[in-house]
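Undergrad: I would like to see how this sequence folds:
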Amino acid sequence: MFRHILLPTDGSPLSTRAAKLALKLAKSSGARLTALHVIPPFEPTMYMEGMAVYPELFSPDEYKRATEARAKRMLGKVAGLAKAAGVRCETTVVNGRAPWKAIIKTAKSKRCDAIVMASHGRRGLESLLLGSETTKVLTHTKTPVLVCH
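TA: Predicted coordinates:
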């Protein structure tokens, strides 16, 4: 059915649920899995007068170290689940201002024939303000997408 499944993850419990679903799908179809985490670019905090500033806590280097370490933990969890399920899994981290674009680009470049991802189910004003990466992936890709709520 599928040969290569992309699993974007943000480390949330819902993403872990999507990972388990993706692993079941991969196992049943003999597919391999690529787990993906997208790191947004460093954007320094705007400071107001009178605020204590600790630049070493907010430096681009510290941000890079912290986000890469977090991504490694998240993707390591998925890789561990895949190993236990007997599914071939690779992990990848990309940087991108718009995660949905990075997800679609990764799916294309890795020749994935399916994407399994979580949706937090935001509606109304919350959805308008926060946006939905899942909705953007759904509306901009030709790759089949399985959404886990």
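Undergrad: okay, now residue 94: neighbour count?
TA: 17 (other Cβ atoms under 10 Å). Glycine gets a C-beta too; all of them are placed from N, C-alpha and C.
Undergrad: how many other residues sit next to the closest residue to residue 145 other than its chain neighbours?
TA: Leaving aside its sequence neighbours, residue 145 sits nearest to residue 115 (Cβ to Cβ, 6 or more residues apart in numbering; 4.7 Å). By other Cβ under 10 Å, the residues close to residue 115 number 25.
Undergrad: Contacts only, for residue 115.
TA: By Cβ atoms under 8 Å, 6 or more residues apart in numbering, the contact set of residue 115 is 5, 6, 7, 8, 103, 107, 137, 141, 143, 144, 145, 146.
Undergrad: quick one, what contacts the second one?
TA: So the one you mean is residue 6. Counting by Cβ under 8 Å, 6+ apart, residue 6 has contacts 33, 34, 36, 103, 106, 107, 110, 112, 114, 115, 116, 143.
Undergrad: quick one: least confident helix or strand in this protein?
TA: Between all helices and strands in the chain, the lowest mean by mean pLDDT, DSSP states H and E belongs to helix 124-130, at a mean of 50.
Undergrad: For the helix or strand following it, the averaged confidence score.
TA: Once the chain leaves helix 124-130, the next helix or strand it forms, by DSSP states H and E, is helix 133-140. Helix 133-140 shows a mean pLDDT of 93 in the predicted model.
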